[in-house]
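# Make a model of this:
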Amino acid sequence: DITKEKENVQLVTKLFKAIENSPTIVVITDKNGIIEFVNPKFEKVTGYTFKEVKGLNPHVLSTGYTTKAAYKKMWQTISSGENWQGEFKNKKKDGTVYWEEAIITPVKNEEGIITNYIALKEDITEKKAQEKKFLYALFEAQENEKLKFGEILHDNLSQILSAMSFFIEAVLNPKNTKDQLKIEYLQKIRQLTYDAQRESRNISHGLMSKQLIESGLVAATIEVCTNYNLSKNINFTFKNSGYHEDLFEVEIKQNIFRIIQEITTNIVSHSQATKATIKFSVKDNEWFILEVNDNGIGIDETQIKENSKCFGLKNIQQRVALLNGIIKRNSKPNMGTKYIIKLPLVLEPINSELNLLN
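From the prediction side, this is the model:
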């Protein structure tokens, strides 16, 4: 039918023009992922021409940020006939890093066999930058509030309790009283006062990160372990392999420290663990690795997904994202939980106005 054939040709022509003029990046590959077509938007964003990338794998754009496991999962999804949606941190021809959101759809022939893949992509670099600026502003406000409250707690409450201890010591002096019962009561009050002093000191240090500012991330982390070892029924161990304080600016270390605080708080509050380990390491002079594991009851991932109030875990994820990092959590019932967080060593200042992302 010549009429039907003409209609099909016209339709294909219209679709091709729509793709060519689309504000969305379009990439078509064969079943093995080899590029067969890219539209002008791809050329504009990446700097590569169609001729330069034809016959290549889209991996030519890779920065190495996406893990092999993530790529494997993506291929399992699309090769099974399902759509895949996610984000890539890619690199343009001139070396500029950019973010893109992608939807990859398999194309099947009449027999239902996959012959091609179509990727529709959007440059979301500016969107990610705005998100990071928002997160930075949010966390900066949180830090200011914590600092203010910590100072008040340390300067006021601790001084009051110290004065109380002084007067109680005076009353306990044998020259001042011989009432044994009163002495016993006052001894109990003294012990409670010491406990309150210790707790207020722990809280204020956690809020102010004074140790972090004065001595660095390692010293602050050791202090977290020490405080928990003294006050809780859990043994924290700290290990360091290759990390030194010059690797990060103070703003980056502040966020890493808050991540550690969030994770250790969850361990102490919910895990029922008796042992936990915090480890710093450096891999290939490119990545800082933070590992935290415990021997507790584990985390129910289903409850986390269903519970919108898991602010601590969400806070961890947001901070890792702010630092361009990767987070992986492994947990099994009664076999503990392990966090592995990878952060790139080359990070621009977290408070820069325009270059928060790259």
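
# mean confidence score for stretch 276-286?
In this model, stretch 276-286 carries a mean pLDDT of 94.

# Stretch 291-304 now?
Across stretch 291-304, the average pLDDT comes to 82.

# Just the CA trace of it, in PDB.
This file holds the C-alpha atoms of stretch 291-304, laid out as PDB (Å, rounded to 0.1, in the frame of the first residue of the first chain):
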ATOM      1  CA  GLU A 291      33.600   2.800  57.500                       C
ATOM      2  CA  VAL A 292      31.400   2.400  60.600                       C
ATOM      3  CA  ASN A 293      30.200  -1.000  61.700                       C
ATOM      4  CA  ASP A 294      28.600  -2.600  64.700                       C
ATOM      5  CA  ASN A 295      27.500  -6.000  66.000                       C
ATOM      6  CA  GLY A 296      23.900  -5.000  66.800                       C
ATOM      7  CA  ILE A 297      20.500  -6.200  65.800                       C
ATOM      8  CA  GLY A 298      20.700  -4.600  62.300                       C
ATOM      9  CA  ILE A 299      18.400  -2.200  60.500                       C
ATOM     10  CA  ASP A 300      15.000  -3.100  59.000                       C
ATOM     11  CA  GLU A 301      15.300  -1.400  55.600                       C
ATOM     12  CA  THR A 302      11.500  -1.900  55.000                       C
ATOM     13  CA  GLN A 303      10.700   0.200  58.100                       C
ATOM     14  CA  ILE A 304      13.100   2.900  57.000                       C
END
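
# Contacts for it, please.
Contact partners of stretch 291-304, identified using C-beta atoms under 8 Å, 6 or more residues apart in numbering, comprise 260, 263-264, 267, 270-279, 281, 310, 313, 329, 331-341. From N, CA and C alone the C-beta is placed, and that goes for glycine too.

# repeat that for 6 Å
For stretch 291-304, contacts defined as C-beta atoms under 6 Å, 6 or more residues apart in numbering pick out 263, 267, 271-273, 275-279, 310, 331-340.

# okay, and for the stretch 51-200 of the chain, where does confidence drop off?
139, 141-186, 188-189, 191-200 (pLDDT under 70).

# Gly33: which element?
Using DSSP states H and E, Gly33 falls within no helix or strand.

# which residue ranges form the helices in the stretch 101-250 of the chain?
Taking DSSP state H, counting those that start in this stretch, the helices of the stretch 101-250 of the chain run over residues 125-152, 158-172, 180-208, 210-215, 217-231, 250-266.

# Dihedrals phi and psi, Lys314?
phi -70, psi -40 (degrees, to the nearest 10).

# cool, and Asp94?
Backbone torsions for Asp94, taken as degrees, to the nearest 10, come to phi -90, psi 0.

# got a list of what the residue nearest to it when sequence neighbours are not counted touches?
In space, and not counting its chain neighbours, Asp94 is closest to Gly47: 5.6 Å by C-beta to C-beta, 6 or more residues apart in numbering. Under the criterion of C-beta under 6 Å, 6+ apart, the neighbours of Gly47 are Lys92, Lys93, Asp94.

# The second one should be in a strand, yeah?
In this case it means Lys93. No: per DSSP: H, G, I helix; E, B strand; the rest coil, Lys93 lies outside any strand segment and is coil.

# how about it, what does it touch?
Contacts here follow C-beta under 6 Å, 6+ apart; on that basis Lys93 touches Gly47, Tyr48.

# Do me a favour and get the backbone dihedrals for it.
The phi/psi pair for Lys93 (degrees, to the nearest 10) reads phi -60, psi -40.

# what's the domain layout of this structure?
Listed domain ranges for the chain are 2-123, 125-208, 234-358 (source: automatic domain parsing).

# which residue ranges form the helices in the stretch 251-358 of the chain?
301-306, 311-322.

# could you give me the average pLDDT of the last one?
Read that as helix 311-322. Rounded mean pLDDT across helix 311-322 is 80.
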